[in-house]
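Enquirer: Sharing a model that was predicted from the sequence below.
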Amino acid sequence: MKHLITALVATCTLAASAQDLGLKAAPQPAPVAIVNASVHPVSAPSIERGFVYFEGGRIVEIGEGDRVFPATTRVIDANGMQVWPGLIAPVTELGLTEIQAVRQTRDYHEVGEFTPEARAATGTNPDSTLIPVTRSNGILTYGAFPTSGAVPGTASVMRSDGWTTEDMAIRADAGVIINWPSMRPSQDWWADEPDAEQRRRIRERLDAIDTFFQQAISYRDGDRPVTSLRLEAALISLPGADGGAPERPVFINANDVDQINAAVVWAVGMGMRPVIVGGSDAHLCAELLAAHDVPVILGGTQRFPKRADSPHDDPYTLPKRLADAGVRWCMASSDRTAHERNLPYNAAKAVAFGLPIDEAMRGLTLSTAEVLEVADEIGSLDAGKAATLIITDGHPLEVTTETVAAFIDGRQIDVSNKQTDLAEKYREKYRQTGMIDGGE
C-alpha cells in the first residue's frame, strides 16, 4: 500500500502548497488501467478483483480478473484498494465563499430578491483553498448554490478542479433555486410581530414568487421586444411555450411539512419539476412526493431533531424512511462549507440506524447525479461515462479511510491540500528538533 501511495503521489504534476497556488491537472496523456482492485460501480454489483480502463477522459471498460492492455497504458496496481465513483456534494457554497468574516469573499448572496440570472458557476473562484480540502476526501463534483433572496440564483454542477469556471462547469445552468417562505407565524421568542402581520407577510412573499414566474411565462409567450436576462434565466425551469417539459428542475428550499406541501403543489401546477432541498419533514409528505416523483436533497444527518418532541434519532433514520416510502433522495452535508469534506459521514450515520450501506453510497453518488440530472456523465462507473473516480484504502464511509488517488475526466488530480501540507511542515519541524522519531 505504501508503495502505491508513493507512486501515485509522484505522478502528480505538482504538490500544492495551498492548492490556490498549484497547477491544475493536465488532460489525460495516455490510457490508464487500475487493476487488482475491489471495484464498486454503484450501478452494478461490486467486483472483488477487477479493473477499470479509461482513455481520453472516458471509461472504456470495467471487468473482472486479468486483461492485456495496449502497450501505451499506464497500469496502476491497486491491490488491497477500492475504486469508487467520485462522491458528489449536491448543495454547497464551495467556490462561492472563502472567509465568512470577509464580505468580499462571499459571492453566494446577490443584491435583490429575484436574481435567477446569478449563476453559481459565474461566481465560482477556481482557486478557493476550500475546494482541495473537500476533494481530499473523495468529493470530486458538487452542486454550487446561491442562497439569499426569494429566488437567489441558478445552481451549477461543478468539477472540483480546473483553471477557469468554464473548465469546472459540468452544467452551469442546473436549475433555478427558490427559497420557499415559512407557511405559518413564528412562535419563537424573537418573533415580535403579531400573528396577523406575519400571515400578511407570508402571503406577500408567496404572491411575489408566483407573480415573478407568471411574468416569466408572459415574457416567454410574448414578442420580447427587449431581452430580459432575469426572465430568460427563469425560463430554464419552466415548461416550454409548446407545453413541453422544463429544460431543468427547480430546486426549492423547504423543511416544514406545510412548506413542502405548498411548494410541491404550486410547482407541479406550474408544470415544473421540483426538487426539495432540506426536507426535514419530507417523511410527513412522502405520499405526495412519491406520487409526483419529487426527489429530496436531505440537509444531512449530523444535526438535532427538528422538534423538541421528536425522537433523538429522527435525522438519522430519515433517509431509510424516505427510501421505504418510495421517495428518491440524496445526501447533502450538515456542515458549513469549510467542512464539506465530512459529507460521507452523514450517510454513515444513516447506515448505523438501518439504511443499507449500498443505498447510502448511492445517495452520495448515482442518486445525487440523477437528482442533479447529470447521471449521463457522473455518479457511477460505467463505460462511456466520465472517468471521475477515486481509489481509497478502505470504505469511503469509514472516518479512517483515505483517498489515495483521484481522477476527474481521466486527469489525475492532487489530493493534497493546505492542511496536509501544514501537517507535514510541522512533522518535519519536530523531526528536526528530535521531538518525534524520524520514521513517524
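Expert: The structure has been received and is ready for your questions.
Enquirer: what residue of this protein is the furthest out?
Expert: G434 (43.3 Å; Cα atoms, centre = their mean).
Enquirer: Tell me which strands the longest strand belonging to the chain pairs with, and in which orientation.
Expert: Longest strand in the chain, counting residues (DSSP state E): strand 169-179. Strand 169-179 has its sheet partners listed here by DSSP bridges as strand 153-159 (antiparallel), strand 250-254 (parallel).
Enquirer: Would you check that A121 makes contact with I170?
Expert: No: applying Cβ atoms under 8 Å as the test, A121 and I170 come out as separate, 9.4 Å apart. (Each C-beta comes from the backbone N, C-alpha and C, glycine too.)
Enquirer: what touches both of the two?
Expert: M158 (Cβ atoms under 8 Å, 6 or more residues apart in numbering).
Enquirer: Pop the domain breakdown of the protein in here.
Expert: 2-86+413-432, 88-377 (automatic domain parsing).
Enquirer: can you redo the ones you listed as JSON lines with mean neighbour count and distance to A405?
Expert: Shown next, in JSON lines, are these (neighbours: other Cβ atoms under 10 Å; distance: least, Cβ to Cβ, whole Å):
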{"stretch": "domain 2-86+413-432", "mean neighbour count": "16", "distance to A405": "4"}
{"stretch": "domain 88-377", "mean neighbour count": "19", "distance to A405": "10"}
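Enquirer: Compare those domains and say which comes out lowest on pLDDT.
Expert: For the domains of the chain, the weakest mean pLDDT is recorded on domain 2-86+413-432, namely a mean of 85.
Enquirer: Could you figure out how far the longest helix seen in the chain is turned away from strand 250-254?
Expert: Counting residues, the longest helix found in the chain (DSSP state H) is helix 195-221. Per axes from the mean of the first three to the mean of the last three Cα atoms, to 10 degrees, the angle that helix 195-221 makes with strand 250-254 is 180 degrees.
Enquirer: Determine how far helix 195-221 lies from the middle of the whole chain.
Expert: 29 Å (Cα atoms, centre = their mean, to the nearest Å).
Enquirer: can you check stretch 315-332 too?
Expert: Centroid displacement of stretch 315-332 relative to its chain, using Cα atoms, centre = their mean, is 17 Å.
Enquirer: what does stretch 32-52 give?
Expert: 23 Å.
Enquirer: same thing with stretch 348-355?
Expert: 20 Å.
Enquirer: which residues sit against that stretch?
Expert: 301-302, 313, 315-320, 323, 331, 347, 357, 360, 363, 397-399.
Enquirer: coming back round to it: okay, the strands paired with strand 169-179 in CSV with distance to R103 next?
Expert: CSV is the format used below for those (distance: least, Cβ to Cβ, whole Å):
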stretch, distance to R103
strand 153-159, 17
strand 250-254, 22
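Enquirer: all strands in the stretch 251-400 of the chain, in order from the N-terminus.
Expert: 274-278, 296-298, 329-331, 389-392 (DSSP state E, counting those that start in this stretch).
Enquirer: so D281 touches N255, yeah?
Expert: Yes: counting by Cβ under 8 Å, N255 is a contact partner of D281 at 6.2 Å.
Enquirer: if I look at the two, which residues touch both of them?
Expert: Common neighbours of D281 and N255 (Cβ under 8 Å, 6+ apart) are K306.
Enquirer: helices or strands next to the helix or strand encompassing G143 in the packing?
Expert: Per DSSP states H and E, G143 falls inside strand 139-144. Counting contacts by 3 or more Cβ pairs under 8 Å, 6 or more residues apart in numbering; DSSP states H and E, strand 139-144 packs against strand 87-92, strand 153-159, strand 403-408.
Enquirer: same thing but at 6 Å, please
Expert: strand 87-92, strand 153-159 (3 or more Cβ pairs under 6 Å, 6 or more residues apart in numbering; DSSP states H and E).
Enquirer: Just checking: what are the partner strands of that strand?
Expert: strand 87-92 (parallel), strand 153-159 (antiparallel).
Enquirer: now that strand and strand 274-278, what's the angle there?
Expert: 110 degrees.
Enquirer: Can you list the neighbours in contact with strand 139-144?
Expert: Contacts with strand 139-144, where a contact means Cβ atoms under 6 Å, 6 or more residues apart in numbering, come from 86-92, 94-96, 120, 155-160, 343, 372, 378, 388, 408.
Enquirer: picking that back up, keep only those of the contacts of stretch 348-355 that are in helices.
Expert: Reading helices off those with DSSP H, I get 315-320, 323, 347, 357, 360.
Enquirer: still on that earlier bit, got TSV for the strands of the stretch 251-400 of the chain, with distance to F54 too?
Expert: Shown next, in TSV, are the strands of the stretch 251-400 of the chain (distance: least, Cβ to Cβ, whole Å):
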stretch	distance to F54
strand 274-278	30
strand 296-298	29
strand 329-331	25
strand 389-392	8
